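*Asks:* using only what follows, build the 3D model:
(2 chains)
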Amino acid sequence: MSSPLLRFEDWTDPVPPAEREVVSLTGDADAARPPLLFVPGLGHGAWAFAEHWLPHAAARGFAAHALTPRPGGDLRAQVHDVVQVAASLPRQAVLVGQGAGALVVAYAMGRYPVRAAVLAAPVMDGWPTLWAALRTNPFGTLPALFGGRLRLSRKQLFGPEMPVDQAQQYVERVAARPRRELVTHEPPPRPAGRPPVLVVGSPDDRIVPRTSLDRTATRYGSAPLLFPGMGHDLMLDVAWADPIEAILDWLDKELAQ
Amino acid sequence: MPDTPDIADRRDAVCVIGAGASGLAAIKNLREAGFEVDCYERETSVGGAWNWRHDRSPVYAGTHLVTSRPLTEFPDFPMPDTWPDYPDHKLVLSYLERYSAHFGLEDDVWFGTEVVSVEPVGDGRWDVTTQSTGGGSSRVQRYAGVVVANGHNWSPARPEIPGDFRGQVIHSAQYKDPAQLRGRKVLVIGGGNTGCDIAVEAAQQASTVWHSTRRGYWHAPEYVLGRPFDQITARRLPLRVRQWFYRRAVTLTSGDLTRHGLPAPDHQPYESHPVVNSRLPYYLGLGRITPVPDVTAFDGASAVLADGRRVEPELVITATGYRPRFDFLAPELLDIAEDGRPDLHLHAFARRHPTLAVVGLVQAGFGLFPLAHWQSVAVARWLRLRVTDPERATAVQRKESTRPVASWSRRRVVPTPRHWFEVDHVEYLRAVEGLLREMEAA
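*Replies:* Presented below is the predicted three-dimensional model:
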């Protein structure tokens, strides 16, 4: 495992800067509350949070930001971008990652002492996730194994209650090109500082198996908070308000301590 | 807190002295380890040496980093990746101010407050006497630990040159602006980064420039093959190979400077504090800078050189560095020798006082901020371990006392006070990492 102190790669080959798209809602922000930075998963952009979660968090007094991953960036570049944006915020930030974005957040926590972190439907274990994807959506997943596009299906991202045309609209916006390291990466580093970490997910998520959810939560010393009936895209599914409400309640409770 | 003559007991809180880069890192990392912190800062703002408003700041108008951004930023708070490779002092100060604001560190800083004395009261606890800067009534507070981060670049080391001199002599600490050089005959003494920098500025401003150096140094350029020099050399390679690499890179860029009259280095790269300046060879080549040997005496209008020559400068700038000073501590607490050199484990931990540490008293061919960060992480975890698991702390202490000095401190450096704290960043960080690992719960 690489050392957190001796970062030869960062010293001799730093990640080149890139234009970063950050959507921010800071209007009603309460100065006592930390800023939130949302990190989307594979194929998603800041738009996925701008739909519901961003305005909802802003309405509750949090400065809310969402970052679009740089096109073609590997895991290292994505982590770099998240840490760069987090460090540019005026106060110590809370990171909220969804799907593969949760993996990026888990890595970023090793590089930046977050105020708190939320891993939503975290894609942390590559192999079980790949296996689940092959079972649910073999034709969408197989081409991605050979460098092609990953076609995520409506069934993978959303629960059964989601209206079909709405779901189809979102699915069309998703342009996923997974990299091999999503499966082969090392386990994420230990978080810097000792931040509180919340894991949320759905037992009916067709991408992240329940066992994987439990494993991730155990790793961060808690149990996952579950929202049955929802799909993988907790921030876009019909019941999007439930998880974000729970996340913000948890934050208020944690930060009060 | 009420201003009472009694000793206010701050119980488990830790006292940090100084709110410069090292002090700020100490506050942050002590807090992360769960400590309450009181930091005392004699000035009214953060930034220490990098804040040009501070009267002890050594910063001059042209000061910039000599190590590039990725090797200089705090490991957990990167500088913006759009910043230049070698940010100047204003950017560095804004970085420290943002670091402080981002983590809310100023909440724990008592500005305009000087530490007058720090005394052990037994049991590992300390009485810290503070006073408003420039006088006022003093008060005493008791702490569970003290972290000294008062910097080592503020008390000028002035060379003792015999004889009277009719011109003006200033230390580089008093050099602020190139206008001070304009149209004058200038002698710059000192071959370090500051000395070379001022010689180069003088080459652009002064009428005549002499640059006096005692020995030859390795002059690394800022860039090799379009990349910052240190990003090329900071590789995962053994020291010997890195030294070879360094010599090659210097040969290919600055080349042989003895051709211009500079002495050849009498040591290997990394055995002295690295000097990064590609403009010095350039101005030597243009004949704007005349290299001269050591100044042995002053005599009226002239300075006498080691080779017997005489030059007649109007202004002499001694860029001869700084000495660490701990006026508020009895010398034996840090095992300070006659010559003023403290003897600390990892240049950080007092050998006989487990709750006293110094952060930032170290130099490398590498930025100081990352080293100060990891030092303060180690100090904070050590103080925490003493509270949570005293038995384990004793075991760690016993193990650490057997760590050979040569494993983290440079064995071979140029024997001058300037290199008391010179370390190789790889060896040093490995040693700190080893300590961190030992302290982790088994």
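*Asks:* centre of the chain to stretch A:4-21, how far?
*Replies:* Mean-position distance between stretch A:4-21 and its chain equals 21 Å (CA atoms, centre = their mean, to the nearest Å).
*Asks:* that one near chain B anywhere?
*Replies:* Yes: contact between stretch A:4-21 and chain B is present through A:4-8, A:10-17 (criterion: CB under 8 Å from any CB of the partner chain). C-beta: built from backbone N, CA, C; applies to glycine.
*Asks:* sheet-wise, list the partners of the helix or strand where B:Tyr40 lies with their directions.
*Replies:* Using DSSP states H and E, B:Tyr40 falls within strand B:37-41. Strand B:37-41 sits in its sheet next to strand B:14-17 (parallel), strand B:109-111 (parallel), going by DSSP bridges.
*Asks:* most packed of those?
*Replies:* Greatest average neighbour count among the strands paired with strand B:37-41 goes to strand B:14-17 (a mean of 28), per mean count of other CB atoms under 10 Å in any protein chain shown.
*Asks:* helix or strand right after it?
*Replies:* Next along from strand B:14-17, by DSSP H and E: helix B:21-32.
*Asks:* that following helix packs against which elements?
*Replies:* Packed against helix B:21-32 by the contact rule (3 or more CB pairs under 8 Å, 6 or more residues apart in numbering or on different chains; DSSP states H and E) you find strand B:14-17, strand B:37-41, helix B:89-102, strand B:145-148, helix B:368-388.
*Asks:* format those as a markdown table; extra columns: distance to B:Asp343 and mean pLDDT.
*Replies:* Listed next are the helices and strands packed on helix B:21-32 as a markdown table, based on distance: least, CB to CB, whole Å; pLDDT from 0 to 100:
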| stretch | distance to B:Asp343 | mean pLDDT |
| --- | --- | --- |
| strand B:14-17 | 19 | 98 |
| strand B:37-41 | 25 | 98 |
| helix B:89-102 | 29 | 98 |
| strand B:145-148 | 14 | 98 |
| helix B:368-388 | 16 | 97 |
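*Asks:* nearest to B:Thr72, of the ones you listed?
*Replies:* Ranking the helices and strands packed on helix B:21-32 by proximity to B:Thr72 (CB to CB) places helix B:368-388 first, at 6.0 Å.
*Asks:* which positions in the closest one come out as buried?
*Replies:* For helix B:368-388, the neighbour count (16 or more other CB atoms under 10 Å in any protein chain shown) marks B:368-386 as buried.
*Asks:* that helix: what's the following helix or strand?
*Replies:* Tracing the chain past helix B:368-388, the next element assigned as helix or strand by DSSP H and E is helix B:390-401.
*Asks:* ok, and for that next one, which residues are buried?
*Replies:* Applying 16+ other CB under 10 Å to helix B:390-401 flags B:392-393, B:396-397, B:400 as buried.
*Asks:* per-residue pLDDT, A:Glu181?
*Replies:* On pLDDT, A:Glu181 comes in at 86.
*Asks:* rewinding a little: got CSV for the helices and strands packed on helix B:21-32, with distance to B:Ile289 too?
*Replies:* Formatted as CSV, the helices and strands packed on helix B:21-32 follow (distance: least, CB to CB, whole Å):
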stretch, distance to B:Ile289
strand B:14-17, 40
strand B:37-41, 39
helix B:89-102, 23
strand B:145-148, 39
helix B:368-388, 28
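*Asks:* contacts only, for residue 196.
*Replies:* Using chain A here. Residues near A:Pro196 by CB atoms under 8 Å, 6 or more residues apart in numbering or on different chains: A:116-117, A:254.
*Asks:* you answered for a different chain; I wanted chain B.
*Replies:* Per CB under 8 Å, 6+ apart, neighbours of B:Cys196: B:211, B:219, B:275, B:277, B:280.
*Asks:* return the distance of the second one relative to B:Asp108.
*Replies:* Right, B:His219. From B:His219 over to B:Asp108 the distance is 42 Å, taken as CB to CB, to the nearest Å.
*Asks:* compare these two (neighbour count), which wins?
*Replies:* B:His219 (23 against 19; other CB atoms under 10 Å in any protein chain shown).
*Asks:* what sits closest to that one if chain neighbours are left out?
*Replies:* B:Ser254 (4.9 Å; CB to CB, 6 or more residues apart in numbering or on different chains).
*Asks:* ok, the one you found - how many residues close by?
*Replies:* 18.
*Asks:* so it touches B:Tyr223, yeah?
*Replies:* No: under the criterion of CB atoms under 8 Å, B:Ser254 is not in contact with B:Tyr223, lying 11.4 Å apart.
*Asks:* mutual contacts of the two, please.
*Replies:* B:Ser278.
*Asks:* mind checking how far the residue nearest to B:Leu65 when sequence neighbours are not counted is from B:Gly62?
*Replies:* In this structure, B:Leu65 finds its nearest non-sequential neighbour in B:Tyr86, 4.9 Å apart by CB to CB, 6+ apart. Distance, B:Tyr86 to B:Gly62, using CB to CB: 12 Å.
*Asks:* and chain A, which of the buried residues of helix B:368-388 reach it?
*Replies:* Among the buried residues of helix B:368-388, the ones lying close to chain A by the criterion of CB under 8 Å from any CB are B:Trp374.
*Asks:* related to what we said a few turns ago, out of the residues of stretch A:4-21 next to chain B, which sit inside strands?
*Replies:* Among the residues of stretch A:4-21 next to chain B, no member falls in strands (DSSP state E).
*Asks:* whichever of those end up buried, select them in ChimeraX.
*Replies:* The buried residues among the residues of stretch A:4-21 next to chain B can be selected in ChimeraX (16+ other CB under 10 Å) with this line:
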select /A:4,5,6,7,10,11,12,14,15
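*Asks:* any idea which of the residues of stretch A:4-21 next to chain B is closest to B:Ser302?
*Replies:* Closest approach to B:Ser302 among the residues of stretch A:4-21 next to chain B (CB to CB): A:Trp11, at 47.0 Å.
*Asks:* for B:Pro70, give me its contacts.
*Replies:* So B:Pro70 contacts A:10-11, A:14, B:231 (CB under 8 Å, 6+ apart).
*Asks:* check contacts around the spatially closest residue to it that is not a sequence neighbour.
*Replies:* Nearest residue to B:Pro70 in three dimensions, chain neighbours excluded: A:Pro14, at 4.5 Å (CB to CB, 6+ apart). By CB under 8 Å, 6+ apart, the residues touching A:Pro14 are B:69-70, B:81, B:231.
*Asks:* among those residues, which ones are in helices?
*Replies:* Among these, the members falling in helices (DSSP state H) are B:Gln231.
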